[in-house]
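Engineer: Pasting the sequence and the predicted model now:
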Amino acid sequence: MDQIPSNRISIQVSLSGYFFKIMQEGSKRKSGWLSSDKMFTTPEFQSRFDEVDIALFTPKCVLVPNKFYSDQAAREILSRTVKLASEDIVQSVPVPKYGAIMVYSNTMGESLSNAIAATVFKNDGTRSAVLPELYFILKDLDKCKDYNKILASYRDGYLYLAIAQGKSLLLCNCFKAVDFTTAEYFIFMSLKKLQLNPEVSTICFHTSLSMDEEMSLYRYFSSVEQQ
């Protein structure tokens, strides 16, 4: 696992607002979910950090094995999975841990993520790219301690889910889920197809869970963790 910098901020952005987590000298501090109008009065955003991660909850993303990817075909590859508008900008980022490329579009009708990227800087003065939430889920899968690694986020009607066994990635996908009950359905459907038993598994979440959501998951999983 990569060494965690001593001073790091992770920011999640969606159409409904943003959330941030600061890891500093072994301690962790989280915000609540904040509306976009709070951005310019968030004092933490005036600091600089060793690392700045900015995740956008975009369902317009797909993971492609290296051998099936080419820059020239990136737009076509993504359009096979999601509906793209003519003005959607398609980008890609390597995921070397899994020998793959994530192809994505951040064109979501929001400007908050770019505003945050232009405000929160690294110590060397550089800005971080805005990358899909699913990219950071893959990046953090190793933080799940069990052999069966299940890591998910749920926000604005979409479930983002990755599942691995050891170092082998089994699933990386996002699902449209109008409520948390539907999100649970997709989680269980995925586990059933992969023949994994939730009763002996821990599920980890990148996003915060309400008490009701956490207790609902505890009915099926041996443990529920929030990263």
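Structural biologist: Cool, the structure landed.

Engineer: For the rest of this, base every contact and every neighbour count on C-alpha atoms.
Structural biologist: Noted.

Engineer: So which residues make contact with stretch 84-103?
Structural biologist: For stretch 84-103, the external contacting residues (C-alpha atoms under 8 Å, 6 or more residues apart in numbering) are 61-66, 69, 74-75, 77-78, 104-107, 135, 168-169.

Engineer: now stretch 52-69
Structural biologist: For stretch 52-69, the external contacting residues (C-alpha under 8 Å, 6+ apart) are 8-14, 78, 81-82, 99-106, 108, 113, 117, 120-122, 127-134, 136, 155, 158, 160, 172-175.

Engineer: Buried ones in it, by neighbour count?
Structural biologist: 52-64, 69 (16 or more other C-alpha atoms under 10 Å).

Engineer: likewise stretch 19-32?
Structural biologist: Buried residues in stretch 19-32, counted by 16+ other C-alpha under 10 Å: 19-24.

Engineer: least confident pick among the residues you listed?
Structural biologist: Minimum pLDDT for the buried residues of stretch 19-32 is recorded at Q24 (85).

Engineer: check contacts around the residue nearest to it when sequence neighbours are not counted.
Structural biologist: Beyond its immediate neighbours in the sequence, the residue positioned closest to Q24 (C-alpha to C-alpha, 6 or more residues apart in numbering) is N7, lying 4.5 Å away. With contacts taken as C-alpha under 8 Å, 6+ apart, N7 has the following neighbours: 22-25, 49-51.

Engineer: so which two of those are the farthest from each other?
Structural biologist: Among those, the pair separated by the greatest distance (C-alpha to C-alpha) is E25 and E51, at 13.1 Å.

Engineer: that older thread, over to the residue nearest to Q24: give its phi and psi.
Structural biologist: N7 has phi and psi values of phi -140, psi 100 when expressed as degrees, to the nearest 10.

Engineer: Could you tell me which other helices and strands the longest helix out of those in the chain packs against?
Structural biologist: In the chain, ranked by residue count with DSSP state H as the criterion, the top helix is helix 180-193. In this structure, helix 180-193 makes packing contacts with strand 158-165, strand 168-176, judged by 3 or more C-alpha pairs under 8 Å, 6 or more residues apart in numbering; DSSP states H and E.

Engineer: With respect to burial, which of those strands scores highest?
Structural biologist: Of all the helices and strands packed on helix 180-193, strand 158-165 carries the top mean neighbour count, a mean of 22, counting by mean count of other C-alpha atoms under 10 Å.

Engineer: tell me the mean pLDDT for it?
Structural biologist: For strand 158-165, the per-residue pLDDT values average out at 97.

Engineer: Residues contacting it, please?
Structural biologist: 59, 133-134, 137-138, 141, 147-154, 169-178, 183, 187.

Engineer: got the angle between it and helix 180-193?
Structural biologist: Inter-element angle recorded for strand 158-165 and helix 180-193: 30 degrees (by axes from the mean of the first three to the mean of the last three C-alpha atoms, to 10 degrees).

Engineer: The longest helix of the chain: which residues count as buried?
Structural biologist: With burial defined by 16+ other C-alpha under 10 Å, the residues of helix 180-193 counted as buried are 180, 182-184, 186-188, 190-191.

Engineer: how about the residues you listed in CSV, adding pLDDT?
Structural biologist: Formatted as CSV, the entries for those read as follows, by pLDDT from 0 to 100:
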residue, pLDDT
F180, 97
T182, 98
A183, 98
E184, 97
F186, 98
I187, 98
F188, 96
S190, 97
L191, 97
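
Engineer: For my notes, please list the residues you listed in a markdown table and give distance to E214 for each entry.
Structural biologist: Conversion of the buried residues of helix 180-193 to a markdown table gives the following (distance: C-alpha to C-alpha, whole Å):
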| residue | distance to E214 |
| --- | --- |
| F180 | 11 |
| T182 | 15 |
| A183 | 13 |
| E184 | 11 |
| F186 | 16 |
| I187 | 14 |
| F188 | 15 |
| S190 | 19 |
| L191 | 18 |
